[in-house]
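> please find the sequence and the predicted model below.
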Amino acid sequence: MSQFEIVVGQIVGFFIMMMIGYGCVRLRFYGMKTLDGMCMLLTRVLIPLLVFSNAVDGTTRAELVGNWGIMLLTAIMYASLMAVFAVVAWAIRLRGSRSHLFQAGFIFGNAGFIGIPLVLALFPKHGALFIVLMSIVDQALLWTYGVWLCEPVKERGRGGAGAGAAAESAAAASAAAATAGAGAAGTSGSANPVAATGSGSHPSPHASPVLALLRRFANPAIAGILIALVIIIADWQVPPMVLTPLHTIGQMATPLSLFYLGGLFALTKWWGVFKRYELYVGLVVKMLAFPIGFYFAMTALAAMTPLPITHEMIQMMSLISGLPTMTTVAMFAGRSKNMPEYAVGLVLVSTLFSLASLTAISTVIF
């Protein structure tokens, strides 16, 4: 099967599951209150179990040590994306929540639903191990920096007034339909930092900055990664009778996440994103220019240094760097009632664009 067919097949599956979720909401089988419950189940149970079960499945300490180059490449990729899109957001004069969501949408790619199947198909020998090691860095950043970017920003000064008004308007429109769900999730003991803030509330101004930072790490996904690392480093083996049901439960994350996203499509006016000029800047920078530039830069780095970076690793991470917006970004934005239609629009439009962009970059890196 050609790389183009692999890409098209994954995107077709993505949209089939998403449209089922869309249809269920349109037919009024369930509404926003149920979607809030789905989001809580995904972020607190299913996604953490998916990460944990994949990480500990057959991975040894020797493999972890011998292939740490993929973690280095992942860290370099994310550091570069964060720097590039912070500069891009500043250069095109984005402010407040709009700036943060723009950055989140084009920093975090949809590795779970598009990237992992592609990697496993393209790199059958080492792809699974690479994914495990990549997810350690990926999930740690998503559930800290990514969660922070998806929280509402309180605007200050005149420069961000326009963006602030748009954010407040969007949040108000969404909050009216989801008051019950937001109230149920807004408990102080929540493990998910987004859910813990309810519909956009901010931590107490008297809270310690260090304590506030540590609380961002207090979530199920980070706990799953840390427990998996302990098990791998200690060379323990999780019994199959335990790992098999955890795998089964974790695999529910993909269809349920897409059902959730399809429901958001039905309940939010996402098409307004087409009027946002930053969308087109982000698509070109993230999904065309950055992956190709990253490929050539890392190839040069590998040639000049003794770092344990293979050509296969570089190909994989170049592909990952050009993925469309992660579905979880829309989930985080929806959970915090922070411009959810903007985030959902980024997911849909970037996914459509990826059909052409992934094919284009594949002709360069493969």
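Received, thanks. Numbers count the residues shown, from 1 in each chain.
> so what's the nearest residue to Gly322 once chain neighbours are set aside scoring on pLDDT?
Nearest residue to Gly322, sequence neighbours excluded (CB to CB, 6 or more residues apart in numbering): Pro291, at 3.5 Å. Heads up, the C-betas are built off the backbone N, CA and C, glycines and all. Note for Pro291: predicted pLDDT of 96.
> number of nearby residues for Pro291?
25 (other CB atoms under 10 Å).
> can you pull the contacts of it?
318-319, 321-322, 361, 365 (CB atoms under 8 Å, 6 or more residues apart in numbering).
> which members of those occur in helices, if any?
Members of the contacts of Pro291 lying in helices (criterion: DSSP state H): 318-319, 321, 361, 365.
> could you dump the contacts of Pro291 into JSON lines with distance to Ile11 and neighbour count added?
Listed next are these as JSON lines, based on distance: CB to CB, whole Å; neighbours: other CB atoms under 10 Å:
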{"residue": "Ser318", "distance to Ile11": "19", "neighbour count": "26"}
{"residue": "Leu319", "distance to Ile11": "14", "neighbour count": "27"}
{"residue": "Ser321", "distance to Ile11": "18", "neighbour count": "27"}
{"residue": "Gly322", "distance to Ile11": "14", "neighbour count": "24"}
{"residue": "Ile361", "distance to Ile11": "15", "neighbour count": "23"}
{"residue": "Ile365", "distance to Ile11": "19", "neighbour count": "20"}
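> tabulate the residues you listed (JSON lines), appending distance to Phe52 and pLDDT.
Output for those, formatted as JSON lines (distance: CB to CB, whole Å; pLDDT from 0 to 100):
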{"residue": "Ser318", "distance to Phe52": "27", "pLDDT": "94"}
{"residue": "Leu319", "distance to Phe52": "24", "pLDDT": "93"}
{"residue": "Ser321", "distance to Phe52": "25", "pLDDT": "95"}
{"residue": "Gly322", "distance to Phe52": "27", "pLDDT": "95"}
{"residue": "Ile361", "distance to Phe52": "31", "pLDDT": "89"}
{"residue": "Ile365", "distance to Phe52": "30", "pLDDT": "86"}
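> what's the farthest-apart pair in the residues you listed?
Distances among these were taken as CB to CB; the most separated pair is Ser321 and Ile365, at 10.2 Å.
> state the pLDDT value of the most centrally placed residue in the chain.
What sits nearest the mean C-alpha location of the chain, by CA atoms, centre = their mean, is Met326, with 3.8 Å. At Met326, the model reports a pLDDT of 91.
> ok, it - contacts?
By CB under 8 Å, 6+ apart, the contact list for Met326 reads 108-112, 142, 347.
> which one of those residues is nearest to Thr310?
Closest to Thr310, out of all of these and judged by CB to CB, is Ala111, at 19.2 Å.
> neighbours around the closest residue to Phe130 other than its chain neighbours, how many?
Distances taken as CB to CB, 6+ apart put Ile70 closest to Phe130, at 4.9 Å, once the chain neighbours are dropped. Summarising burial for Ile70: neighbours were counted as other CB under 10 Å, giving 25.
> next: Pro240.
Counted with other CB under 10 Å, Pro240 comes out at 10.
> gap between Ile292 and Ile365?
8 Å (CB to CB, to the nearest Å).
> need the overlap of contacts for these two.
Listed contacts common to Ile292 and Ile365 are Ser318; contacts here mean CB under 8 Å, 6+ apart.
> how about the contacts made by the nearest residue in space to Lys286 that is not next to it in sequence?
Among residues not flanking Lys286 along the chain, Phe106 sits closest, at 4.3 Å (CB to CB, 6+ apart). Applying CB under 8 Å, 6+ apart to Phe106 gives the contacts 81, 85, 282, 285-286, 325, 346, 350.
> of all those residues, which comes closest to Ile136?
Of these, the one sitting nearest to Ile136 (CB to CB) turns out to be Leu81, at 17.1 Å.
> nearest spatial neighbour of the closest one, skipping sequence neighbours?
Ile107 (4.6 Å).
> ok, Ala75 next?
In space, Ala75 is closest to Val137, 5.4 Å off (CB to CB, 6+ apart).
> any idea how far the one you found lies from Ile76?
As judged by CB to CB, Val137 and Ile76 stand 10 Å apart.
> before we move on, what about Gly105?
Distance from Gly105 to Ile76, by CB to CB: 21 Å.
> those two - which one has more neighbours?
Legend: neighbour count by other CB under 10 Å for Gly105 and Ile76, higher for Gly105 (30 against 18).
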